[in-house]
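Chemist: After the sequence you'll find the predicted model.
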Amino acid sequence: MSIIEVSNLKKSYGDLEVLKQITFDVNKNDVVAVIGPSGSGKSTMLRSLVHLEEINSGSICVSGDYLVKDGVYSKSQEIKKITSKMGMVFQHFNLFPHMTVKENLEVAPRMLKKQPAHLIQQQSADLLEKVGLSDRATAYPANLSGGQKQRVAIARALMMNPDILLFDEPTSALDPELTGEVLQVMKHLAEEHMTMIVVTHEMGFAKEVANRAIFMDNGEIIESGHPDNLFTNPQYDRTKAFLNRSL
Ligand code: ADP
Ligand code: MG
């Protein structure tokens, strides 16, 4: 079953064509690693899926509902419903600095869902335990390490029970010794069959955890396949050159 279907997606900033003709599907339980050089359009692609950017043409369908079909966006109520099925984790965490960890997790569900407070609190306690941060519930983001902040961001994204989690270079802003704890949480989610798209430079993680890798360059998907194949037997020179620099 497809969770996300993207077809013929195009996006420009002025004269700069950033996404050229992007087509791919993500099936339930897939872990898709998106790799490619800086400036190739990875973030723009991910941000388009959650409507942080608007595309110029093409279609994005999430769990059977069109966010945008042939360049025409759905009504705002429908867009809200569709984007709420996706959780996003950013490179720079994007936590609310004036809220505690627990408040960061609970604020969106409180505003968006008609759920009783005690259930929301139970869920945030469960998710903080899952990411190993039960003891930091009342801390403020400024008093957390980068790895802890990113684990909070992941727990916060999970609060909305998303069909899919999107990660944009979740460990790129972290000191090397803190990347492991974040990758471990993501690996654990994959083992629980969470559907994920992960833009990453962590080739080890991509190989170990992803069941599909997509290589993007210059606004295009150059090739995709199982990481075992793509990493060991890339078909295109651009992929080979990138992998030679990255592995
Ligand atoms: P990646 O995430 O692969 O590094 P991006 O999606 O961030 O690539 O960027 C793709 C291209 O789009 C780059 O050339 C970048 O400079 C350009 N770009 C990204 N955001 C904007 C913007 N808001 N305005 C103009 N150009 C942008
Ligand atoms: Mg990026």
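Modeler: The structure has been received and is ready for your questions. Ligands and ions are numbered 1, 2, ... in the order given.
Chemist: Need the nearest residue in space to the residue of the chain found nearest ligand 2, chain neighbours excluded.
Modeler: Residue nearest to ligand 2 within the chain: S43 (3.1 Å; CB to the ion). Where you see a C-beta, it was placed from the backbone N, CA and C, and this is true even at glycine. Ranked by CB to CB, 6 or more residues apart in numbering and with sequence neighbours excluded, the top spatial neighbour of S43 is D168, at 5.5 Å.
Chemist: Beta-bridge partners for that neighbour, please?
Modeler: V199 (DSSP bridges).
Chemist: What is the burial count for it?
Modeler: Neighbourhood size, D168 [other CB atoms under 10 Å]: 20.
Chemist: now do S57
Modeler: Neighbours around S57, by other CB under 10 Å: 15.
Chemist: Ok, V18 next?
Modeler: By other CB under 10 Å, neighbour count at V18 equals 21.
Chemist: same thing with I214?
Modeler: 23.
Chemist: follow-up on the earlier one: so where does the residue of the chain closest to ligand 2 fall, helix or strand?
Modeler: Using DSSP states H and E, the element containing S43 is helix 42-49.
Chemist: Contacts for that helix, please.
Modeler: 4, 6, 9, 11, 18-19, 22, 34, 36, 53-55, 60, 62, 67, 86, 88, 166, 168-169, 197, 199, 216 (CB atoms under 8 Å, 6 or more residues apart in numbering).
Chemist: Where do the strands of the chain begin and end?
Modeler: Counting by DSSP state E, the chain has strands at residues 2-13, 16-27, 31-35, 57-62, 65-69, 72-73, 86-89, 164-168, 195-199, 212-217, 220-225.
Chemist: dump the residue contacts of the residue most central in space within the chain.
Modeler: Taking CA atoms, centre = their mean, the centroid of the chain lies closest to L166, which sits 1.3 Å from it. By CB under 8 Å, 6+ apart, L166 lies in contact with L46, L49, V50, M86, G87, M88, V89, M196, I197, V198.
Chemist: Please list only the buried members of the contacts of helix 42-49.
Modeler: Neighbour counting by 16 or more other CB atoms under 10 Å classes 4, 6, 9, 11, 18-19, 22, 34, 36, 53, 55, 60, 62, 67, 86, 88, 166, 168-169, 197, 199, 216 among the contacts of helix 42-49 as buried.
Chemist: just those residues that are near ligand 1?
Modeler: V18, G36 (CB under 6 Å from any ligand atom).
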